[in-house]
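>>> how does the following fold in three dimensions:
(4 chains)
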Protein chains: 2
Amino acid sequence: MRPLSPRQQDILDFIRQFIEQEEFPPTIAEITRALGLKSPHGVREQLQALARKGAIELIPSASRGIRLLQKAAERDGLPLIGKVAAGRPLMTEANVEQYCKLGPELFQNKADYLLRVQGSSMRDAGILDGDLLVVQQAAEARSGQIVVARLHDEVTVKTLRLAGEMAYLEPANPEFPVLAVDLSKQELSIEGVVVGVIRNRID
Amino acid sequence: MRPLSPRQQDILDFIRQFIEQEEFPPTIAEITRALGLKSPHGVREQLQALARKGAIELIPSASRGIRLLQKAAERDGLPLIGKVAAGRPLMTEANVEQYCKLGPELFQNKADYLLRVQGSSMRDAGILDGDLLVVQQAAEARSGQIVVARLHDEVTVKTLRLAGEMAYLEPANPEFPVLAVDLSKQELSIEGVVVGVIRNRID
DNA sequence: CGGTAGACTGTCCATAAGAACAGTGTTTTT
DNA sequence: AAAAACACTGTTCTTATGGACAGTCTACCG
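Have a look, this model is predicted:
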């Protein structure tokens, strides 16, 4: 989306806030008054500019015919990725089981997708089989973070430890082995960082 | 709220569906057309009836001035209860830290409120200090369920075990003791059943 | 048996609101 | 230096929309 001018941002912010408060979009005249302008035509042009830039959609001849075109994540929620098909990127249509709405209050807007945990290798970190991990997409991670990583075409969730050229993928369960990766020889790709956990089945 | 007539329910359903699809409420004329009616006045009366019955709010003179009055949980999200003030019921205004929106896809609409965990007595059940428990309000629970219970004016989260007149509140951490309650002598009140866990701080 | 609520048709009015045209001046980009 | 985008004022036109009045018919409820 092309960048918005400050004034266009003002208008967009006002529309957003108005919808939040009133539950329906404002009329052009209401926007005009709110911005302290005297003629509705200026606002009208700005709305058309916003529509051209893809920020909103204008429904012709409909009163309050303004629709915000926010990103899919806000409208449909976060994609929930269940089984991961081998060899394909995580966020593929085929991997998405459903979409889950999650307020931005939790996870501070960091969440990009949800991933269903398979196995109990992170049990001692309070991550159990069947839990949903809240993942922020990232290509890099700091040592000590719990990451979603891809190694030999397999996706795994482990605590990342970095030491020079070596990377260690540590489980949080003594029954599982630590995976050691020599970054100069093998490729380890970080898919994301775990920022939260959701468990919706108790027992 | 007084019961709605079938026709009023139709209209309410249509408004709901229209908002879902278009992101703004319909005009009276649009409702009229959608229901296959020929005069807008009938619809108008029905809308006023719906407003009297508290299902909607009509904003005078505003085009599309219909506001759905659904329950607070749907609009504001679930109340998040942080520290519990002693001696007072859980769901008191003063106990609510904030409201969190959670889609109904997770937790199948069972969630009534969120409760912040204090302490690690349920560690081995994957419930850690600071986690948010998703709680369904209930006065009774089955043996084996993880419950929010009140004992001597103190709120605690434990696994419930029932055996005749005795109730046991079992922690999921060997460092904590099992609480035994003789139901014929002491009162144990169940506040709710844990139906999920949310962790929004990793590390 | 009258009263009330529900479920409409049909007409009319005032105004709310989108759409369009004619301008003005500034800033940014090419 | 010209073109394009930005940021407006001001006016006019049409239609979309809420609001009101006058009726009709049915089903209940006490």
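>>> chain A against DNA strand C: which residues are in contact?
Contact residues (Cβ under 7 Å from any atom of the strand) of chain A with DNA strand C: A:27-30, A:40-41, A:44, A:58, A:60-65. All C-beta atoms are positioned from the backbone trio N, CA, C, and that covers glycine.
>>> got the phi and psi for A:Val178?
Note on A:Val178: its backbone torsions stand at phi -80, psi 130 [degrees, to the nearest 10].
>>> any idea how chain A splits into domains?
Chain A resolves into domains spanning A:6-70, A:73-198 when parsed by automatic domain parsing.
>>> now mean neighbour count and distance to B:Asp131 too, for the ones you listed, in TSV please.
What follows is the domains of chain A, written out as TSV (neighbours: other Cβ atoms under 10 Å in any protein chain shown; distance: least, Cβ to Cβ, whole Å):
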stretch	mean neighbour count	distance to B:Asp131
domain A:6-70	16	29
domain A:73-198	17	7
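>>> save those as TSV, and put in mean pLDDT and distance to B:Glu93 too.
Converted to TSV, the domains of chain A look like this (pLDDT from 0 to 100; distance: least, Cβ to Cβ, whole Å):
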stretch	mean pLDDT	distance to B:Glu93
domain A:6-70	91	22
domain A:73-198	89	18
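>>> ok, which of the ones you listed comes nearest B:Val195?
Among the domains of chain A, the nearest to B:Val195 by Cβ to Cβ is domain A:73-198 (11.6 Å).
>>> ok, the closest one near chain B or not?
Yes. Judged by Cβ under 8 Å from any Cβ of the partner chain, domain A:73-198 and chain B are in contact via A:77, A:98-103, A:105-107, A:123, A:126-128, A:131-132, A:134, A:144-146, A:194-198.
>>> which of the residues you listed fall within helices?
Judged by DSSP state H, the subset of those located in helices is empty.
>>> also near DNA strand D: which of the residues you listed, exactly?
For DNA strand D, no contacts are drawn from the residues of domain A:73-198 next to chain B by Cβ under 7 Å from any atom of the strand.
>>> quick one: which of those residues sit in strands?
Counting by DSSP state E, the part of these found in strands is A:98-100, A:132, A:134, A:146, A:194-198.
>>> looking at those, spot the one nearest DNA strand C.
Within these, the smallest distance to DNA strand C is 30.5 Å, found for A:Tyr99 (Cβ to the nearest atom of the strand).
>>> summarise which helices and strands the host helix or strand of A:Ala167 is packed against.
Assessed by DSSP states H and E, A:Ala167 sits inside strand A:166-170. Counting contacts by 3 or more Cβ pairs under 8 Å, 6 or more residues apart in numbering or on different chains; DSSP states H and E, strand A:166-170 packs against strand A:154-163, strand A:179-182.
>>> paired strands for that strand, with orientation please.
Strand A:166-170 has its sheet partners listed here by DSSP bridges as strand A:154-163 (antiparallel), strand A:179-182 (antiparallel).
>>> list the contacts of the nearest residue to A:Lys83 once chain neighbours are set aside.
In space, A:Lys83 comes closest to A:Asn95 once its chain neighbours are excluded; the distance is 7.3 Å by Cβ to Cβ, 6 or more residues apart in numbering or on different chains. The contact partners of A:Asn95, by Cβ atoms under 8 Å, 6 or more residues apart in numbering or on different chains, come to A:81-85, A:88.
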